[in-house]
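**Q** Quick check, what structure comes out for this input:
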Amino acid sequence: MSRTRFRSRTASIAAAAGVLALGAACGSPGAPAASGGGGGGGGGGEEAAPVQVGLITSTSGPLASYGAQYLQGFEACLDHLTDGTGEVGGRPVEVIQRDDAGDPAKAVAEATDLIGQGVQILAGSASSGVATQVAPLAEQNDVLFISGPAATDALTGINGNTFRSGRQTYQDVKTAESFIGDAAGKDVLVFAQDSAFGQANVAAVTSILGGAGATVTPLLVPASATDLTPFAAQARDAGADLTFVAWAGETAPAMWQAMGQQGVFDATNVVTGLDMRASYPTYGEQAADLNFLSHFFAEAVDNETSQAMAEGVEAAGGEVDIFTPDGCNAAQMIVRAVEESPDDVAGMVSALEGWTFDGAKGEITIREEDHAVLQPMFQARLEEQGGELVPVLVDTLAPEDTAPPVATS
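**A** Predicted coordinates for the structure are as follows:
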């Protein structure tokens, strides 16, 4: 397959003339149709004006690895959709890439600059703080905004110009719930650091599972704590039906070791999110005892889109990871929007609302009412294979199993 190079500043890429199959079955081979390029610009005629897309994501800062995964998936899937032609109906799509470094103020400045240049499509946010600041700009300036890995529930239904290409926190928490069945009447412990990250997870679990009838108790550990044994013992003694662990940072290996030594895994169902592959060693010897909710891992899905995404990423020297499909989804959505309405944002929005397509995760639907992305989610475990930890699919949750309530503004 010929490849369109994705330059650090701009590159000509395009959406395919053939749109994605509507209503394709999950995991079916009926994937995005690529139309080989017949477009204008040839035959000596004047070249058509490009459609500009601004990709603002983290290529530096704390979420740089997430941004890199997103960009790799975006490039691979756009290249697949266009068969490397860089055109749609004779219109090149010019991609302008900017780094937000995970800083909302920087992202707003970049978005404002791009909008001032006439860019009508923005995409890419890895940070929830960035996404919620860029979204109002999209509405105020009537541009299409397709956020990336940013998981905040607040983005769903925030305005009519804003979409997302990844999952949201509600879907993570509902996947965690699936390990214990209906949450009503169950005891849930949230084991987390006493930080903004930990408190946000407590709030989400309390709202979602507490709202479903569970008794939710937080166990917040001081971020400065180095002896984690007493906190692990508290988690064991809580006797919860589900212990939801939200932990980040360099103390993670010590935390998991303390949990194992104190018998927490024998006392409760411990569930946490499966992060990027580089994080797997932090689970240590306790990896096999953990239940993982998962947004995505390469071994979870095998369809034409996921295969094309993997081939493109690997050809560029990368590796498919947790947020690679968010970039792929964004590419598919931009293909759809540009194909249906290349110069009219209202038409782009209409083209995406209610649309079902075959993504790298399986069948995905963009809910018309609030632009929630209804998608499969996964249960996983880690197994040692060939001296390294490898994710193994336990179960796939259908999109309706984790669908958030319709957001109302």
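
**Q** where do the helices sit along the stretch 251-400 of the chain?
**A** Taking DSSP state H, counting those that start in this stretch, the helices of the stretch 251-400 of the chain run over residues 252-261, 264-267, 304-315, 324-340, 345-352.

**Q** Format the ones you listed as TSV; extra columns: mean neighbour count and mean pLDDT.
**A** (Glycine included, C-beta is placed from N, CA and C.) Below are these laid out as TSV (neighbours: other C-beta atoms under 10 Å; pLDDT from 0 to 100):
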stretch	mean neighbour count	mean pLDDT
helix 252-261	19	96
helix 264-267	17	97
helix 304-315	20	97
helix 324-340	28	96
helix 345-352	18	98
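
**Q** Compare the ones you listed and give me the one nearest Q379.
**A** Of all those, helix 264-267 sits nearest to Q379, with 16.3 Å by C-beta to C-beta.

**Q** Report the distance from the closest one to the chain centre.
**A** Relative to the chain's own centre, helix 264-267 is displaced by 30 Å; criterion: C-alpha atoms, centre = their mean, to the nearest Å.

**Q** same deal with stretch 111-127?
**A** Centroid displacement of stretch 111-127 relative to its chain, using C-alpha atoms, centre = their mean, is 19 Å.

**Q** again, but for stretch 103-121
**A** 21 Å.

**Q** L220: what secondary structure?
**A** The local conformation at L220, judged by DSSP: H, G, I helix; E, B strand; the rest coil, is strand.

**Q** In contact with it, which residues?
**A** Counting by C-beta atoms under 8 Å, 6 or more residues apart in numbering, L220 makes contact with 192-194, 198-199, 202.

**Q** Just put those in CSV and tack on secondary structure.
**A** Compiled in CSV, the contacts of L220 are given as follows (three-state DSSP):
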residue, secondary structure
A192, strand
Q193, strand
D194, coil
G198, helix
Q199, helix
V202, helix
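
**Q** Count the neighbours of F197 for me.
**A** 14 (other C-beta atoms under 10 Å).

**Q** And for the one 3 residues further on?
**A** Residues contacting A200 under the criterion other C-beta under 10 Å number 16.

**Q** what about it, which helix or strand?
**A** If you go by DSSP states H and E, A200 is part of helix 196-205.

**Q** Determine the set of other helices and strands touching that helix.
**A** helix 169-177, strand 187-193, strand 215-221, strand 242-246 (3 or more C-beta pairs under 8 Å, 6 or more residues apart in numbering; DSSP states H and E).

**Q** To A315, which of these lies closest?
**A** Nearest of these (C-beta to C-beta): helix 169-177, 30.4 Å.

**Q** Pull the residues that contact the closest one.
**A** Contact with helix 169-177 is made by 151-153, 183, 204-205, 208-209, 212, 242, 244, 271, 273, 293-295, 375, 377-379, 397, 401-404, as judged by C-beta under 8 Å, 6+ apart.

**Q** now swap in stretch 288-297 and tell me
**A** For stretch 288-297, the external contacting residues (C-beta under 8 Å, 6+ apart) are 166-167, 171-172, 175-176, 178-179, 256, 260, 265, 269-274, 277, 283, 300, 321-325, 360-361, 377-384, 391, 394.

**Q** Could you tell me the end-to-end distance of it?
**A** End-to-end distance for stretch 288-297: 17 Å, by C-alpha to C-alpha, to the nearest Å.

**Q** which parts of that stretch are buried?
**A** Buried residues in stretch 288-297, defined by neighbour count with 16 or more other C-beta atoms under 10 Å: 289-297.

**Q** Quick check: mean pLDDT of that stretch?
**A** Average pLDDT, stretch 288-297: 97.

**Q** can you check stretch 167-178 too?
**A** Summarised as a single mean, pLDDT over stretch 167-178 is 96.

**Q** From the chain's centre, how far out is that stretch? Work that out for me.
**A** For stretch 167-178, the distance to the chain centre is 13 Å (C-alpha atoms, centre = their mean).

**Q** A380 is in contact with P391, correct?
**A** Yes: with contact defined as C-beta atoms under 8 Å, P391 reaches A380; the gap is 4.9 Å.

**Q** Quick check: neighbours shared by these two?
**A** Shared contacts of P391 and A380, defined by C-beta under 8 Å, 6+ apart, are found at 274, 292, 294, 297, 300.

**Q** how about the helices and strands packed on helix 196-205, which one is nearest A346?
**A** Nearest to A346, of all the helices and strands packed on helix 196-205, is helix 169-177, at 27.9 Å by C-beta to C-beta.

**Q** The closest one vs helix 196-205, what angle?
**A** 70 degrees (axes from the mean of the first three to the mean of the last three C-alpha atoms, to 10 degrees).

**Q** Just want the angle from helix 169-177 to strand 187-193.
**A** Using the same axes, to 10 degrees, helix 169-177 lies at 120 degrees relative to strand 187-193.

**Q** Going by neighbour count, which residues in helix 169-177 are buried?
**A** In helix 169-177, counting by 16+ other C-beta under 10 Å, buried: 169-177.

**Q** Could you dump those residues into TSV and include distance to Q140?
**A** Below are those laid out as TSV (distance: C-beta to C-beta, whole Å):
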residue	distance to Q140
T169	26
Y170	26
Q171	28
D172	30
V173	31
K174	32
T175	34
A176	36
E177	37
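
**Q** Which of the helices of the stretch 251-400 of the chain sits closest to L81?
**A** Nearest of those (C-beta to C-beta): helix 324-340, 5.1 Å.

**Q** Is it correct that S147 is in contact with Q133?
**A** No: look at S147 against Q133 with C-beta under 8 Å: they stay out of range, at 10.9 Å.

**Q** Neighbour count: these two, which is higher?
**A** S147 (34 against 18).

**Q** what's that one sitting at in phi/psi?
**A** The phi/psi pair for S147 (degrees, to the nearest 10) reads phi -70, psi 160.

**Q** Let the chain start at 22 from now.
**A** Yes, from this point I'll number from 22; that puts the last item at S168.

**Q** Enumerate the beta-bridge partners assigned to it.
**A** When bridges are called by DSSP bridges, S168 pairs up with R185.

**Q** Check it and give its pLDDT.
**A** Model confidence at S168, given as pLDDT, is 98.

**Q** Compile the helices and strands packed on helix 217-226 into CSV and extend it with columns for distance to Q118.
**A** Shown next, in CSV, are the helices and strands packed on helix 217-226 (distance: least, C-beta to C-beta, whole Å):
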stretch, distance to Q118
helix 190-198, 27
strand 208-214, 33
strand 236-242, 38
strand 263-267, 31
